[in-house]
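S.K.: Predicted structure and sequence below. I'll ask about it afterward.
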Amino acid sequence: MSNTAFSTLALPAALLGNLADLGYSSMTDIQAQALPEILAGKDVIARAKTGSGKTAAFGLGLLAKLDVKYFRVQSLVLCPTRELADQVAAELRKLARSIHNIKILTLCGGVPIGPQIGSLEHGAHIIVGTPGRVIDHLEKGRLSLVDLTTLVLDEADRMLEMGFSADLDAVIAKAPAQRQTLLFSATYPDAIAKLSERLLTAPVQITVEQQHNTSSIEQLFFQVTDNNTRLDALHQLLLNYQGQSSMVFCNTKRETQDVADALHAFGFSVLALHGDMEQKDRDQTLVQFANGSACILVATDVAARGLDISSVDAVFNYQLAHDADTHTHRIGRTGRAGQSGIALSIFTASDAGKLVTLEDGLGVAITPKPLPPANAALTPAKPTLATLQLDGGKKHKIRAGDIVGALTASKQLTNDDLGKIQLHDIWSFVAVKRSKVKLALQLLQQGKIKGKSIRARML
């Protein structure tokens, strides 16, 4: 965190007032370095990781120059995943609360295209989306970028890793040559350098070192004889270290699902997250893990990128990451907000090359520890909450308070029995203590929300 106040910037008074209301006073390092250049209209290449405050850095830049009276698409933010796009759009809307009649629209794959077409017909100021769905709308003539003034590529390295290079080129071909381009990337491989040369004009380069302090994270490495013994090792480590909330990282989608299935068979409360899942299943998985209804999330690096998930008790690397940056990003899921965390990594002799890369990148010598002895008294952790899905959401004008009211009106449940509530367009999710789930379902089925009966089920 820098000591530079937002008030030192040439931001509109309404934006500064909203920042003060949100409790944002001092800028993060990426904001302090990038915002003056962005506000000056320069192209920017910024190396910054998730959690560094980069969304507010480019978001305030977009909002400061926006002409809300001109109802055309003036800014486009491209993200690698729907989850990150939703997160970015939510942050932009929060930052834009003081700007009346602003419209920020999310265009992502994995969801029905019909509602997006309807929203585009009514226009928007800012589009946040994934490359594939954005190019689809552009090619069908439903979206125009002729009035675009700013293009943002968020987590550009991941977009290239996920194969979006051709889609990016197609989107850029539809954008005006005279524009401001902002490129944010956690890493800066050759592919990003080449992309930058094509897209940006005399860019200012900014690098912010890893924001997460890994000194609060205890790292343990365990060597196993071969790939066949990895799962047994993970089983034993989870029994000893998992806590109530853990993430397990795998390198492939197939491996992710296989590991999750095996852990489920062992009796663990576990969910998988990878690119082969339907979007609805991805959404439900994220909701359940984020609200404490599942104890373990097994994921690939790409699927876990940009997820809005708070600190977990422990991180397990089923396979070592391919580079130190990815390893640091993985383990940064634990030990946040001043808390201590633990990261446990499994490797074999064939991982010698990766070990050297990690040692060089992390600046530490890796010494394997012996696996903890088997202990029959240890059992998998169980979640204290369960998730109920309601067939009603934002489009039905349902608010979190309406759900709380429906569940607590009879006094049989209290606020203490409820956990996180998440609202989506056509459905909502509420976490409830497992011991009170049947009662909660009964109350919802017998009662009404906004005067209507709402179906509910447990995930």
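M.R.: Received, thanks. Since this is a predicted model, take the numbers as computed values, not measurements.
S.K.: Surely Gly17 and Leu95 touch.
M.R.: No: counting by CB atoms under 8 Å, Gly17 does not reach Leu95; the two are 11.8 Å apart. Glycine gets a C-beta too; all of them are placed from N, C-alpha and C.
S.K.: can you give me the helices for the stretch 301-450 of the chain?
M.R.: 301-304, 324-331, 352-362, 400-408, 437-446 (DSSP state H, counting those that start in this stretch).
S.K.: Which of the ones you listed sits closest to Val224?
M.R.: Comparing those by their distance to Val224 (CB to CB), the top pick is helix 352-362, with 13.5 Å.
S.K.: got a list of contacts for the closest one?
M.R.: Residues from elsewhere that reach helix 352-362, judged by CB atoms under 8 Å, 6 or more residues apart in numbering: Leu320, Ala321, His322, Asp323, Ala324, Asp325, His327, Thr328, Phe347, Ala365, Ile366.
S.K.: number of nearby residues for Gln178?
M.R.: 8 (other CB atoms under 10 Å).
S.K.: Got the confidence number for it?
M.R.: At Gln178, the model reports a pLDDT of 94.
S.K.: mind checking the backbone torsions on it?
M.R.: Main-chain dihedrals, Gln178, degrees, to the nearest 10: phi -90, psi 100.
S.K.: In terms of mean pLDDT, which of the helices of the stretch 301-450 of the chain ranks lowest?
M.R.: helix 301-304 (a mean of 76).
S.K.: export that one as PDB, just CAs?
M.R.: Taking Å, rounded to 0.1, in the frame of the first residue of the first chain, the C-alpha atoms of helix 301-304 are listed here in PDB:
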ATOM      1  CA  ASP A 301      -4.800 -22.700 -12.400                       C
ATOM      2  CA  VAL A 302      -6.800 -21.300 -15.300                       C
ATOM      3  CA  ALA A 303     -10.200 -22.100 -13.600                       C
ATOM      4  CA  ALA A 304      -9.000 -20.600 -10.300                       C
END
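S.K.: ok, residues contacting it?
M.R.: By CB under 8 Å, 6+ apart, helix 301-304 touches 80-81, 158, 161-162, 247, 249, 251, 256, 273-275, 282, 297, 321, 326, 329-330, 333.
S.K.: mind redoing it with 7 Å?
M.R.: Arg158, Glu161, Met162, Phe249, Leu273, His274, Gly275, Thr326 (CB atoms under 7 Å, 6 or more residues apart in numbering).
S.K.: Drop anything exposed from those.
M.R.: Among the contacts of helix 301-304, those classed as buried by 16 or more other CB atoms under 10 Å are Arg158, Glu161, Met162, Phe249, Leu273, His274, Thr326.
S.K.: so what's the first one closest to, chain neighbours aside?
M.R.: Put plainly, it is Arg158. Pro80 (4.1 Å; CB to CB, 6 or more residues apart in numbering).
S.K.: Who are the contact partners of that neighbour?
M.R.: Glu155, Arg158, Met159, Met162, Phe164, Arg305.
S.K.: Repeat that for Gly392.
M.R.: Applying CB under 7 Å, 6+ apart to Gly392 gives the contacts Ile398, Trp427, Ser428, Ile449, Ile454.
S.K.: pLDDT on the strand or helix carrying Arg158, on average?
M.R.: Using DSSP states H and E, Arg158 sits in helix 156-161. If you average the pLDDT over helix 156-161, you get 83.
S.K.: In TSV: the contacts of Gly392, plus pLDDT, distance to Leu62 and neighbour count.
M.R.: Supplementary listing: those in TSV, determined by pLDDT from 0 to 100; distance: CB to CB, whole Å; neighbours: other CB atoms under 10 Å:
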residue	pLDDT	distance to Leu62	neighbour count
Ile398	86	30	21
Trp427	87	30	23
Ser428	91	29	26
Ile449	85	36	21
Ile454	85	37	21
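S.K.: so which of these comes closest to Ala34?
M.R.: The shortest approach to Ala34 among those belongs to Ser428, at 36.0 Å (CB to CB).
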